[in-house]
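**Student:** Structure, please.
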Amino acid sequence: MPRRVLIVDDEADIADLIAYNLASAGYETRAVYNGSEALEASDSFEPHLVVLDVMMPGLNGYEVLARLRRDGRRVPVLMLTAKRGEEDELAGLLKGADDYVTKPFSMKVLEARVAAILRRGDVRGAERGEASGLLVHGPITINRETHEVTLGGGPLALTRTEFRLLCALIEGSGKVLSRRSLIQMAMGAGVTITERTVDVHVTSIRKKLGAHAGLLHTVRGVGYRMLPAETGG
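**Tutor:** Numbering: from 1, shown residues only. The predicted structure is shown next:
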């Protein structure tokens, strides 16, 4: 399934050109031309990444980004701007942007930035998946509505408890999660399974991940951490 990229720029020629080039690179794209359309498309199109121009009439890029973050959406955002300078770059990053490209730019550079952000497959990607029922973390894709899991495009058979634990680990990607926290996240409060049982299930998940087992890291004496996808081998 191709990754979806939403392009937002009031200069239609630029937005359409970006959309064309990213589509040629294998992405599913949609171009919109103002902030209001961007917010609507973030719901209907459910992008994996937003390429967002800063200087737009009406809702500018910073305001669109602020609305996305205020609504709890952690979809990755790559900011575009004609402004130059460290202060402008910091402004976007401090507001929650993931990266920043200054106009004029090379399409090859833009494509590389887009690919790099999407490769991270971190919590932000998982957050986007909440609306569609999907969690995506590197080679792992989880459909929470059908309880289907794929690894590198192939089916991955998990028990119900393993499924819940893997969802919790990916949702908490990058964080060290204690065994008790995992029990609460995966099973809910009041469920009585031992912390040792968590270890057994995690060991089983690791075996099933095969060559990608390195994604699931043990923090001795504490619990487990799902590493960023690009570090897991």
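**Student:** At which residues are the helices of this structure located?
**Tutor:** In the chain, the helices defined using DSSP state H lie at 12-24, 35-44, 61-70, 86-94, 107-120, 123-132, 160-171, 179-187, 195-209.
**Student:** and the second one, how far out from the chain's middle?
**Tutor:** Centre-to-centre, helix 35-44 and its host chain are 18 Å apart (C-alpha atoms, centre = their mean, to the nearest Å).
**Student:** buried set for that helix?
**Tutor:** Neighbour-count burial for helix 35-44, with 16 or more other C-beta atoms under 10 Å as criterion, is recorded at 35, 37-39, 41-42. C-beta here means a position set from N, CA and C on the backbone, and glycine is covered the same way.
**Student:** And the fifth one, by the same measure?
**Tutor:** Judged by neighbour count using 16+ other C-beta under 10 Å, the buried positions of helix 107-120 are 110-111, 113-114, 117-118, 120.
**Student:** cool, and the first one?
**Tutor:** Within helix 12-24, the residues that count as buried by 16+ other C-beta under 10 Å are 14-15, 18-19, 21-22.
**Student:** how's the protein carved up into domains?
**Tutor:** Per the record, the chain has its domains at 4-120, 128-231, by automatic domain parsing.
**Student:** What mean pLDDT does the longest one get?
**Tutor:** The predicted model assigns domain 4-120 a mean pLDDT of 88.
**Student:** Numbering from 45 from now on, please.
**Tutor:** That works, and once the first residue is 45, the last one we named lands at domain 48-164.
**Student:** What is the neighbour count of Gly105?
**Tutor:** 25 (other C-beta atoms under 10 Å).
**Student:** That one: what's it in contact with?
**Tutor:** 52, 79, 96-99, 123-125, 136 (C-beta atoms under 8 Å, 6 or more residues apart in numbering).
**Student:** Kindly give a single ChimeraX line that selects the buried subset of the residues you listed.
**Tutor:** Of the contacts of Gly105, the buried ones go into a single ChimeraX selection, burial set by 16+ other C-beta under 10 Å:
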select :52,79,96,97,98,123,124,125,136
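**Student:** just checking, Val98 touches Thr125?
**Tutor:** Yes: Val98 is within contact range of Thr125, at 4.0 Å (criterion: C-beta atoms under 8 Å).
**Student:** For Leu209, state which of the buried residues of helix 151-164 is nearest.
**Tutor:** Comparing these against Leu209 with C-beta to C-beta picks out Arg164 as the nearest, at 21.9 Å.
**Student:** I'd like the buried residues of helix 79-88 as CSV, with distance to Leu271 appended.
**Tutor:** Shown next, in CSV, are the buried residues of helix 79-88 (distance: C-beta to C-beta, whole Å):
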residue, distance to Leu271
Gly79, 35
Glu81, 36
Ala82, 32
Leu83, 33
Ala85, 32
Ser86, 28
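**Student:** Next, format the buried residues of helix 151-164 as CSV and append distance to His256.
**Tutor:** Listed next are those as CSV, based on distance: C-beta to C-beta, whole Å:
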residue, distance to His256
Leu154, 29
Glu155, 25
Arg157, 25
Val158, 23
Ile161, 20
Leu162, 17
Arg164, 15
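**Student:** Which of these sits closest to Gly254?
**Tutor:** Nearest to Gly254 among those, with distances taken as C-beta to C-beta, is Arg164, at 21.4 Å.
**Student:** which residues touch stretch 62-70?
**Tutor:** 46, 49, 51, 53, 73-75, 95, 151, 154-155, 158.
**Student:** could those residues go into CSV alongside distance to Gly197?
**Tutor:** Below are the contacts of stretch 62-70 laid out as CSV (distance: C-beta to C-beta, whole Å):
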residue, distance to Gly197
Pro46, 13
Val49, 20
Ile51, 27
Asp53, 33
Thr73, 22
Arg74, 24
Ala75, 28
Val95, 26
Met151, 28
Leu154, 27
Glu155, 22
Val158, 21
